[in-house]
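K.L.:
Model the structure of this input:
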Amino acid sequence: MKLLRKLYNRLNFIKIIYNYISPYIYTFCGKKPWSIGYNEYKIKQIKKYIARSVFNTNKLPQGYGYRLDERVIEYPWLFSRISKEKGKLLDAGSVLNYDYLLNNHSLKLKNIFISTLSPEGSCYWKKGISYIYEDLRHSCFRDDFFNWIVSLSTIEHIGMDNTFLYAKDILKKENRSSSYLIAIKEYYRILKKGGILYLSFPFGKKKNHGWFQVFDIKMIDKVISVFSPSHYKEYFFKYKRTGWQVSKKEKAKDATYFDIHKQKKYDSDYAAASRAVACLELIK
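P.N.:
Residues are numbered from 1 along each chain as shown. Below you'll find the predicted structure:
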């Protein structure tokens, strides 16, 4: 037992050291997306953006999120919008299942539920987080239950081939490109009157990548129509060579996606993934 404890402590120490030095390795090697240190560097940047409250939906700082994927938009956007009040929050898609996010002051007073397809490596039940493993198109929660639902970069995967990255169940290998609308209806059903849905997804030229899809203007309009909010706000952000910028729907409508899983070479702008992302705030 002592030997196992020593080994665990040693491995944990190595992990701490790696997390500390890997962002510097990533920077030194030219900041190429998904190379060694990319995720650690990205997390460091996201922490900084959230802590310093630099996220402004009207204008982002020069070089914001340079060569980083859309998480540098989605997380700071969410925390710049969501209140610190008490209530029930559903993380639909398990995008908040990280300690550095769950420790954010905006979530401290909230009763958080995480709904996802299958168990993940990290589990924060000691923080009072409740986990449920289900298909978001058929939620187990009762009507009018949540004050907030957070669904970031999730609906583009619903009805697609989730065996590619997220599940082993062969039944999750689908190609039902419009079934995300069933989940939107479920979000509406389980959200309280006056509750808020925070939604984001890749935006631009419509394209089915097999394991996810890029949403276009018509698909956004359909989401809003199906949810039928009492009030809503739309935010659009676009990636350029120098980083992420605030954009408009029409200016971002032709954006494309860099798929690291299927493309062997970087594009000239070194985009990490989406070149545009839509963030919607829908009030029931």
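
K.L.:
Where do the helices of the stretch 51-200 of the chain begin and end?
P.N.:
Per DSSP state H, counting those that start in this stretch, the stretch 51-200 of the chain carries helices over the ranges 71-81, 99-102, 180-190.

K.L.:
out of these, which comes closest to residue 226?
P.N.:
Closest to residue 226 of the helices of the stretch 51-200 of the chain is helix 180-190 (Cβ to Cβ; 4.9 Å). (Glycine included, C-beta is placed from N, CA and C.)

K.L.:
on that earlier part again, out of the helices of the stretch 51-200 of the chain, which is the most enclosed?
P.N.:
Among those, helix 71-81 has the highest mean neighbour count (mean count of other Cβ atoms under 10 Å), at a mean of 22.

K.L.:
Run the chain-centre distance for that one.
P.N.:
Distance of helix 71-81 from the chain centroid (Cα atoms, centre = their mean, to the nearest Å) equals 9 Å.

K.L.:
same check, this time on stretch 190-197
P.N.:
In this view, stretch 190-197 has its centroid 20 Å away from the chain centroid, taken as Cα atoms, centre = their mean.

K.L.:
Flag the shaky bits of the chain, pLDDT-wise.
P.N.:
1-14 (pLDDT under 70).

K.L.:
I'd say residue 113 and residue 93 touch.
P.N.:
No. The pair residue 113 / residue 93 is not scored as a contact, 11.9 Å apart, by Cβ atoms under 8 Å.

K.L.:
These two: which is more packed in?
P.N.:
Using other Cβ atoms under 10 Å as the criterion, residue 113 and residue 93 rank with residue 93 on top: 23 against 18.

K.L.:
Report the separation between the closest residue to the more buried one other than its chain neighbours and residue 262.
P.N.:
Computed as Cβ to Cβ, 6 or more residues apart in numbering, the closest residue to residue 93 that is not its neighbour in sequence is residue 154, at 3.0 Å. Residue 154 sits at a distance of 20 Å from residue 262 (criterion: Cβ to Cβ, to the nearest Å).

K.L.:
now swap in residue 65 and tell me
P.N.:
Distance, residue 65 to residue 262, by Cβ to Cβ: 23 Å.

K.L.:
Give me the more crowded residue out of those two.
P.N.:
It is residue 65, of residue 65 and residue 262, that has more neighbours when counted by other Cβ under 10 Å, with 24 against 9.
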